[in-house]
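K.L.:
Make a model of this:
(chains A and B)
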Amino acid sequence: MLDGLGYFATAIVDLFSLGTLFNVAWATLLGISVGMLPGLTATLGLALLTTLTFKLAAGDAVMILICMYVGAIYGGSRSAILLNIPGTPANAATALDGFQLARAGRAGEAMGIATAGSFFGTLVGMLALAIFAPLLAETALGFQSYEFFWLAVFGVVISGRLTGMNDPLKGWIAGFLGLLVAMVGQEGVHAYARFAYGDPNLAGGFGLLPVLVGVFGFTEVLWVMKNPTYQAVKDAAGSVIPKIKAVVVHWITIIRSGLIGTFMGLVPGVGEDMGAWVSYAVARNTSRKKDEYGKGSVEGLISAETGNSAAVPGAIIPVLTLAIPGSAPAAVLLAALFIHGVRPGPLIMIENPAFVFHVTAMIFYASAAILVFGLLLTKPLLLVLRVSHIRLMPVIFVLCTVGAFAIASRLFDVWVMLGFGVLGLALRLLGFPMAPLVLGVVLGPILDVNLRRGLVLSDGSLMPFLTRPISVVLWVIILVTFMLGSEWFTSRLRRLTGRFMPKGPGDDGSPPPPGAP
Amino acid sequence: MRRDLLTSLVMIALGVGVLVESLRMPRFEHLGVNPYTVPGIVPGFLGAVIATLAFVMLVRTVVAWRRSGDVPVVAGDDEPGSAPRLLITIVLTVGYGGVLVGNVPFWLATFVFVLAFLLVFGWRADFADAARRAALLVYASLAVLQAGVVAAAVTFVFERIFLVTLP
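P.N.:
Below you'll find the predicted structure:
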């Protein structure tokens, strides 16, 4: 188990070069800027950079993408603290206490604490990656088509439940729509072009990246232009260098939030936002100073930022070992790995073991970069928040167009980007979340191949799908998720438990069922 | 509420449509293909799931409607926003990505798009005032500058540094 740490140390030395440091520096800075700008998410940043770096060597491109990912999730804390607008969805919990601290004139301190939290969170997740990825890959060698089928369903169902917070049904519909989108074009077994109707472009299928750039980039541009602009910050007071003592006191919170965040990242389809929210909730419930939460609690801030940053390496673990993404940005990273000819999956520790540790080392460089930039470049980074939306959005859209075109050099991909952008806007206006949709597009081919392969292996019997140990765990969780997300079931459950227990106000914090008195 | 009703009906139609199309996909019986590998099986399954979920949504919406008149259940994102701004953005972006790109040189298309975007959205009512002509001129020349810089930089960086083919 500790061998992993040795390989990891070697990988850090292996990767060290001026070229590496240069790439780490610009990609992390770009990531922080993308994260800081409300409306630009880590998913969009990764999708655009994937298309733009695909001519680079695989190692360089993956390094740049990982720095973008780590940087963006961290950068979002800046706007959460200074503007009360989370730069990426993962930083929503950060805004709760971060903005209160900033209002109390402690913005500098809050940014420093957030930086330390992100740094340590990334480190915890990174160590978990080095230690657990090989173990998980070994376990996953026992997975067959049945398990992979359930993992694909699990991903969209869990993601649908968690991102469609007040309406899981729409989250699930979005997830299955995503799976359906992946069905268009030639399938892998008989090379039959589904839903193509003789059109050669449709027979090629919708490229994942044009779809992603459409849904996360173009939709976002439209969304931002539709809504009124935000107030830019003028200045931030106080020193950003955190007092070592202020961080050390919270070491338990840091380690706990780091582990929670990593776990949340690891679960397919859950991701950084839940890493932050769950860490925050647990920190609050176990805190001795509960009343301070939401009013400027340093502990709350540190738990949220540690949680979301730890989820980044966490989400990369299943990308490498199962080829199943832990979160929406990780889905893009997975696509990028395929583009660069890396074959992630259970065999990675056999075919390409050094790669796992190289990725771990890349995360290490990225975390070092956010620490350095976060503490030293506070003032220059504030300039990013002064850029007006009207100036920024046309540039983003030009990049979306170039990005969609770049991968395959076909104009059809630009139309796909436009189409999915408008579709994404419509779905978003109707209350459908985007993350399960994207996850569905990535998981579609996995579901397709494994359902059919599983049925062939079992000769049409559903028993292996239902009885193999890991399959049982997966489908039971899926079933419970479905049931807990249905108002019909929960209201009956509540009525049933209500007979035995006295009713407390707001038992579970979920919205009341429609028509409830 | 009405949106949810309409959405669920559209989704049911989509799910059923996909299911029907999946059943019509070839099964390659003459090739002696294993029946569990036919192309229609997975999209058929997905179509059925979508139709079922959408049907649940329809029932939920109708039940809630009957119970409480016309109270929205879980509405979509009702954030404040401006429909005209949205429409103008769609016209500009689709005009650029769908029409200009591929038909005129990329740098020219980009220059025109960025300039149009900046001029349309940066327009302030007081620019029409003759006394504010100077402010308008400054803004317009800055917009031309930005459009030029973006067009040149994107073309140069992607063609020369990232070696990406541009449309």
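
K.L.:
what kind of secondary structure is the residue most central in space within chain B in?
P.N.:
Compute the mean C-alpha point of chain B, and by Cα atoms, centre = their mean the closest residue is residue B:90, 8.3 Å away. State at residue B:90, reduced to three classes by DSSP: H, G, I helix; E, B strand; the rest coil: helix.

K.L.:
can I assume it is in contact with residue A:221?
P.N.:
No. With contact defined as Cβ atoms under 8 Å, residue B:90 does not count as touching residue A:221 (9.9 Å). C-betas here are computed from N, CA, C, even on glycine.

K.L.:
got any ranges where the chain has weak pLDDT?
P.N.:
In the absence of a named chain, this looks at chain A. Across chain A, the ranges flagged by pLDDT under 70 are A:1-2, A:164-165, A:228-238, A:498-517.

K.L.:
wrong one, I was asking about chain B
P.N.:
Along chain B, segments meeting pLDDT under 70 span B:1, B:69-81, B:125-126.

K.L.:
Could you chop it up by domain?
P.N.:
The record's domain parsing of chain B by automatic domain parsing lists B:2-68, B:83-161.

K.L.:
could those go into JSON lines alongside distance to residue A:394?
P.N.:
Compiled in JSON lines, these are given as follows (distance: least, Cβ to Cβ, whole Å):
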{"stretch": "domain B:2-68", "distance to residue A:394": "30"}
{"stretch": "domain B:83-161", "distance to residue A:394": "4"}
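
K.L.:
List the buried residues for the helix or strand residue B:85 falls within?
P.N.:
Using DSSP states H and E, residue B:85 sits in helix B:83-94. Under the neighbour-count criterion of 16 or more other Cβ atoms under 10 Å in any protein chain shown, helix B:83-94 has B:85, B:86, B:88, B:89, B:90, B:92, B:93, B:94 buried.

K.L.:
Would you state the helices of the stretch 301-450 of chain A in chain order?
P.N.:
Secondary structure of the stretch 301-450 of chain A, counting by DSSP state H, counting those that start in this stretch: helices at A:328-339, A:348-351, A:353-376, A:378-384, A:389-406, A:411-429, A:435-457.

K.L.:
among those helices, which is the most enclosed?
P.N.:
Highest mean neighbour count among those (mean count of other Cβ atoms under 10 Å in any protein chain shown): helix A:328-339, with a mean of 26.

K.L.:
So what touches that one?
P.N.:
For helix A:328-339, contacts defined as Cβ atoms under 8 Å, 6 or more residues apart in numbering or on different chains pick out A:41-43, A:46-47, A:50, A:54, A:61-62, A:65-66, A:69, A:72-73, A:208-209, A:212, A:216, A:265, A:271-272, A:312, A:315-316, A:318-319, A:323-325, A:343-344, A:407, A:434-435, A:438-439, A:441-442.

K.L.:
try it again with 7 Å
P.N.:
If you take Cβ atoms under 7 Å, 6 or more residues apart in numbering or on different chains as the criterion, helix A:328-339 is touched by A:42-43, A:46-47, A:50, A:54, A:61-62, A:65, A:69, A:208-209, A:212, A:271, A:315-316, A:319, A:323, A:325, A:344, A:435, A:438-439, A:442.

K.L.:
Please determine how far the residue nearest to the spatial centre of chain A is located from residue A:319.
P.N.:
By Cα atoms, centre = their mean, chain A has its centre lying nearest to residue A:327, at 3.5 Å. Look at residue A:327 and residue A:319: by Cβ to Cβ, to the nearest Å, they are 9 Å apart.

K.L.:
show me which of the buried residues of helix B:83-94 neighbour chain A.
P.N.:
By Cβ under 7 Å from any Cβ of the partner chain, the members of these lying near chain A are B:85, B:86, B:89, B:90, B:93, B:94.
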